[in-house]
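Trainee: Just the structure for this:
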Amino acid sequence: MKQTTLCYILKDDCYLLLLRDKKEEDANAGKMIGVGGKCEEGETPDQCICREVSEETGLTLVSPTYRGIVYFRSDTAEDEDMFLYTAADTTGTLKDVCDEGSFVMVPKDELLSINTWEGDYEFLKDLAEDDKPICLTLKYHGERLTEVLRQELQTPIVRSDLLSAKHAFSTRLGGVSEGIYSSLNLGFHRGDTEENVIENWRRFGICAGICTERIAVSKQIHENRVRIIRAKDTVALTDFHYTTEADGMVTKEPGVPLVVFTADCVPLLMHDPVAGVIAAVHCGWRGVALDIMQTAVDAMISLGSDPADIRAVTGPAIGKEVFEVGIDVAMSMQVLIGDASADYITPLGDLSSQDAQKIDEAKYLVDLKGIVLYHLQQLGLTPDHLDNVGGCTYAQPEMYFSHRYTNGQRGSQASMIML
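Mentor: Predicted coordinates:
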């Protein structure tokens, strides 16, 4: 399977295209195409497109937009998955010379009139619709295009306006899984088929604008370990496996999606736009009690962050109205945040009894999201740099997977962030 990237760069309402006019006896002479190339081993598609554009044009892409996937399938050629991008912002100077051809600027409204391949016209039609997620299969008999299959994707994405880094929190809607995994299960080790989970990930990524073909993941163990991630730590969807155990990941490398899984626990995404550092953290109550937030913030500081510059957002998780816990959990939260715990922990019933057994058996409602966000303020983040999005996983089983609501018979949400 060949994996490639292709980018259409827009500047002053014109697309930068490569006109094939340099090579002798070129069967494709006179045709136009965007800029891109083949993914190297271990390279994420985002890193590939940035490298290819730099090598071919001399330009540096600034936050290219991932538009989707084009599957090329042929009875005579190697199958190809092409990851399609657009870009409206670049730095640097365009090269005067390119071995493949000449660079030309084509007005945006003339894009569908260029001389190009029949299959390329199909994805250019979708590309012309600025916000449309693209998932297209082009089938060939020899060099003849025989079938065009379009998937109309409707995968809801939860985001926060606070984070300028690309990010997304998933729901359970818009996928292909069935039964207890219906429908956007993103967990590989829940019992769902690998084929379904891979398709769900691709749909989620396309609608989120983040290519998920390679992602950074770790086995979550409900502790306070946080790992600094490099591009070499990513794994391919088609070879999904855990390379480490941790509940948090931090990086400052562009093009590396950090991912955590949840189904009641609190997903926490953080971004320092000044230092260019991001984090994804799985905040279960055990990890919160062990202060995984402190560990994650410290890891970001080690990469150059100042807590005052960090933005933090919690996503869909179990709500304070239904997260019922025993005295051990309540006390661990009190130890973490001190006197402020009274604002986030609600006793159930009368606790005035002096009966030790009744006290030990007492139940409490805990606002885990609120505790995470409050403690981040204690760690130096400012209130205007904090946000909470998404609903209660337990109270909205039609929208989210919930471990408690289903007694563990469920799929998984994912939360991801990328520079």
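Trainee: could you dump the strand or helix carrying residue 346 to CSV, C-alpha only?
Mentor: Element membership for residue 346, per DSSP states H and E: strand 345-348. Presented in CSV, the C-alpha positions along strand 345-348 are these (Å, rounded to 0.1, in the frame of the first residue of the first chain):
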residue,chain,number,x,y,z
ILE,A,345,-17.8,17.6,46.8
THR,A,346,-21.4,17.2,47.9
PRO,A,347,-22.3,14.7,50.7
LEU,A,348,-25.3,12.5,50.1
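Trainee: partner strands of it, parallel or antiparallel?
Mentor: strand 363-366 (antiparallel) (DSSP bridges).
Trainee: So for the lengthiest helix in the chain, mean pLDDT?
Mentor: When the chain is parsed with DSSP state H, its longest helix is helix 194-208. Helix 194-208 carries an average pLDDT of 97.
Trainee: mind starting the numbering at 272 from now?
Mentor: I'll keep to 272 as the first residue from here, and by that count the last item is helix 465-479.
Trainee: If you count neighbours, what's buried in that helix?
Mentor: 467-479 (16 or more other Cβ atoms under 10 Å). To be clear about C-beta, it is placed using only N, CA and C from the backbone, and glycine gets the same treatment.
Trainee: Can you give the distance from the strand holding residue 617 to the centre of its chain?
Mentor: 35 Å (Cα atoms, centre = their mean, to the nearest Å).
Trainee: residues of it that come out buried?
Mentor: residue 616.
Trainee: Over to stretch 398-406?
Mentor: Neighbour-count burial for stretch 398-406 flags 398, 404-406 (criterion: 16+ other Cβ under 10 Å).
Trainee: And stretch 660-667, by the same measure?
Mentor: 660-661, 663-665, 667.
Trainee: For residue 508, list the residues it contacts.
Mentor: By Cβ atoms under 8 Å, 6 or more residues apart in numbering, the contact list for residue 508 reads 469, 472-473, 483-486.
Trainee: Going by distance to residue 393, which of those wins?
Mentor: Closest approach between the contacts of residue 508 and residue 393, by Cβ to Cβ: residue 473, at 18.3 Å.
Trainee: So which residues of the stretch 422-571 of the chain form helices?
Mentor: Listed in chain order, the helices of the stretch 422-571 of the chain (DSSP state H, counting those that start in this stretch) span residues 465-479, 556-560, 563-573.
Trainee: Show me what the helix or strand that the last one is followed by is packed up against.
Mentor: Scanning forward in sequence from helix 563-573 by DSSP H and E, the next helix or strand is strand 582-585. Strand 582-585 is packed against strand 537-543, helix 639-649, strand 657-659, with contacts defined by 3 or more Cβ pairs under 8 Å, 6 or more residues apart in numbering; DSSP states H and E.
Trainee: and the following helix or strand past strand 582-585, which strands flank it?
Mentor: Using DSSP H and E, the helix or strand that follows strand 582-585 towards the C-terminus is strand 595-596. Strand pairing for strand 595-596, determined by DSSP bridges: strand 634-637 (antiparallel).
Trainee: buried set for the strand it pairs with?
Mentor: Per 16+ other Cβ under 10 Å, strand 634-637 contains these buried residues: 635-637.
Trainee: what do you get for stretch 601-620?
Mentor: 601, 603-605, 607-608, 611-612, 615-616.
Trainee: Check whether residue 602 sits in a helix, strand or coil.
Mentor: When classified by DSSP: H, G, I helix; E, B strand; the rest coil, residue 602 comes out as helix.
Trainee: distance of it from residue 596?
Mentor: Using Cβ to Cβ, to the nearest Å, one gets 10 Å for the distance from residue 602 to residue 596.
Trainee: I'd guessed residue 542 sits against residue 435; true?
Mentor: Yes - here residue 542 reaches residue 435: they are 6.8 Å apart, a contact under Cβ atoms under 8 Å.
Trainee: So which of the helices and strands packed on strand 582-585 is nearest residue 427?
Mentor: Per Cβ to Cβ, nearest to residue 427 of the helices and strands packed on strand 582-585: strand 537-543, 15.6 Å.
Trainee: quick one, helices of the stretch 272-421 of the chain?
Mentor: 316-328, 389-398.
Trainee: Let's have these in a markdown table, adding distance to residue 672.
Mentor: Putting the helices of the stretch 272-421 of the chain into a markdown table (distance: least, Cβ to Cβ, whole Å) gives the following:
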| stretch | distance to residue 672 |
| --- | --- |
| helix 316-328 | 27 |
| helix 389-398 | 31 |
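Trainee: among those, which is the most enclosed?
Mentor: Highest mean neighbour count among those (mean count of other Cβ atoms under 10 Å): helix 316-328, with a mean of 22.
Trainee: rewinding a little: ok, so of the buried residues of stretch 601-620, who is nearest residue 383?
Mentor: residue 615 (56.0 Å).
Trainee: and that closest one, what pLDDT?
Mentor: In this model, residue 615 carries a pLDDT of 98.
Trainee: Return the helix or strand in this protein with minimum mean pLDDT.
Mentor: Lowest by mean pLDDT, DSSP states H and E among the helices and strands of the chain is helix 627-631, with a mean of 63.
Trainee: re earlier: could you export the helices of the stretch 422-571 of the chain as CSV, including distance to residue 620?
Mentor: Listed next are these as CSV, based on distance: least, Cβ to Cβ, whole Å:
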stretch, distance to residue 620
helix 465-479, 42
helix 556-560, 21
helix 563-573, 30
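Trainee: Among the ones you listed, which comes closest to residue 331?
Mentor: Closest among the helices of the stretch 422-571 of the chain, using Cβ to Cβ: helix 465-479, at 23.3 Å.
Trainee: How far does the closest one sit from its chain's centre?
Mentor: On Cα atoms, centre = their mean, the centre of helix 465-479 falls 11 Å from the chain's centre.
Trainee: what does it rub up against?
Mentor: For helix 465-479, using Cβ under 8 Å, 6+ apart, the contacting residues are 337-340, 404-406, 424, 426-428, 437-439, 441, 445-449, 452, 454-459, 482-484, 486, 508-509, 511, 685, 687.
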